[in-house]
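Colleague: Dropping a prediction and its sequence here:
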Amino acid sequence: MLKQRSLRLLFIVDGHFPTSGGAEIQALRLAEVLRRRGHRVDFLAPQLPSDEILMPEYQDVPVQRLRVWRIPVVARLSLYLSFVAFLWRHRRDYDAVHVHMVSMLAPAPGWVQRWGGWQQVRSIAKLGGPTEFEGGCFDPRLPAWRGAFARAGLRGLDALQVMSAAIVLGVERFGFAKHQQFFLPNGVDLTRFSDTTETARAAPRIVFAGRLREVKRLDVLLRAAAALQAGGRVFSVEIFGNGTQEEALAELERELGVQQVHWHGYVEDPSRHYRHGDIYVQLSEAEGMPTSVIEAMACALPILVTRISGSEDLVEGSGGGVLVEVGEVEAVVAVLAQWLDHPETGTALGRRSREYVLQQHDLQQVAQRLEHFYDSEKNRKQSRQH
């Protein structure tokens, strides 16, 4: 058995960092666990023109930044070339490079690998969700040359990290075989999330946590809440998060006349989202493997989510919730009415949710699998050198 060593890891985020996005938060939490296990983790992110002056560390993790030209026509190309140059300069400084979203930057480590820049470095890129198939490397609408160039770079990586059945099918359509995939879902720190179903409530609380964006379809939740209240049901809606849709959603709330909607804004501690909740609802048009849903499941909440990538896997795997089609207000009303009128139904589903997360989404186990993945490939490469 190979002895565990201290690894030097580079986590790459292509976008604003830090933010409240799921991919970025998951990367930070993985970094925290890996650092506690004795590994060094650095972050690399672009210094975008809209970013404020940012410190070289975040939550005690070193963050290196690549400057982006402000001229739109050349900004992306300059960032890509700067990224390749950074990887080449630091090709002996890391044992593994992990891109935490397959944007147009993700092929760069694969090209460095192809050019022989890394002999003992593990490279992997995470496919987080639909953005990779709509605007990213797997978008069929890309010009043929650009898509071919991007996917050729990805084939130079040691693996693509996939986390849902839909993503697996998506990459296989582009010719990426099983041996090029590493199936690893998101994880949550189970010490921060506990079963709260025994807490007495004056009125049931329906919870949502995430960015307030159009893709999250909070308009459906507000319309369903209005219909349920019109039917005489008493409950509150607790919304945690901020985003571009805040004003539009507040206007819709007034227009519908829905009562007991509480807007909490962004909160640092995610366990607060669920500690006083009874039902979790996330009705998005698109997701990857939504961490907020997994966190709610860890707190033994029944989940009502849409039939999309990631969310579908969680419900079908756990049996701890119900799937509805995107935008179907009447279906949402029917499910919530059943759970509000018969809370024991939701409680039973919530227990299944928590049991599933304990088995499949423990962040410690996710980090251990990733740690082994980094190190085992490194050792195989080293053995081929001797």
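Modeller: Great, that's in hand.

Colleague: For V99, which residues are in contact?
Modeller: I12, D14, L105, A106, P109, I124, A125, K126 (C-beta atoms under 8 Å, 6 or more residues apart in numbering). For glycine as for every other residue, the C-beta is placed from the backbone atoms N, C-alpha and C.

Colleague: One more: G327?
Modeller: Taking C-beta under 8 Å, 6+ apart, we find G327 in contact with R217, V220, E285.

Colleague: among the residues you listed, which ones are buried?
Modeller: Among these, those classed as buried by 16 or more other C-beta atoms under 10 Å are R217, V220.

Colleague: So which residues make contact with the helix or strand containing V237?
Modeller: Secondary structure from DSSP states H and E places V237 in strand 236-240. With contact meaning C-beta under 8 Å, 6+ apart, strand 236-240 is reached by 203-210, 212, 218, 221-222, 225, 258, 260-267, 272-273, 276-277.

Colleague: Now the buried members of those.
Modeller: Among the contacts of strand 236-240, those classed as buried by 16+ other C-beta under 10 Å are 204-210, 212, 218, 221-222, 225, 258, 261, 273, 277.

Colleague: ranges for the helices of this protein?
Modeller: For the chain, applying DSSP state H gives helices covering 22-36, 72-89, 107-114, 144-155, 165-173, 218-230, 246-256, 272-275, 291-298, 311-318, 329-341, 343-360, 363-385.

Colleague: buried residues in the third one?
Modeller: Read that as helix 107-114. Buried residues in helix 107-114 (16+ other C-beta under 10 Å): P107, A108, P109, G110, W111, V112, Q113.

Colleague: and which of those residues is nearest to L81?
Modeller: In terms of C-beta to C-beta, no member of the buried residues of helix 107-114 lies closer to L81 than A108, at 9.1 Å.

Colleague: wait, isn't the closest one in contact with V84?
Modeller: Yes. Applying C-beta atoms under 8 Å, one finds A108 in contact with V84, separated by 5.0 Å.

Colleague: Name all residues that make contact with the closest residue to L340 other than its chain neighbours.
Modeller: The shortest distance from L340 to any non-neighbouring residue, by C-beta to C-beta, 6 or more residues apart in numbering, is to R233 (5.2 Å). Counting by C-beta under 8 Å, 6+ apart, R233 makes contact with A337, L340, D341.

Colleague: do L336 as well
Modeller: I206, A224, L228, I279, V281, L304 are the contacts of L336 under C-beta under 8 Å, 6+ apart.
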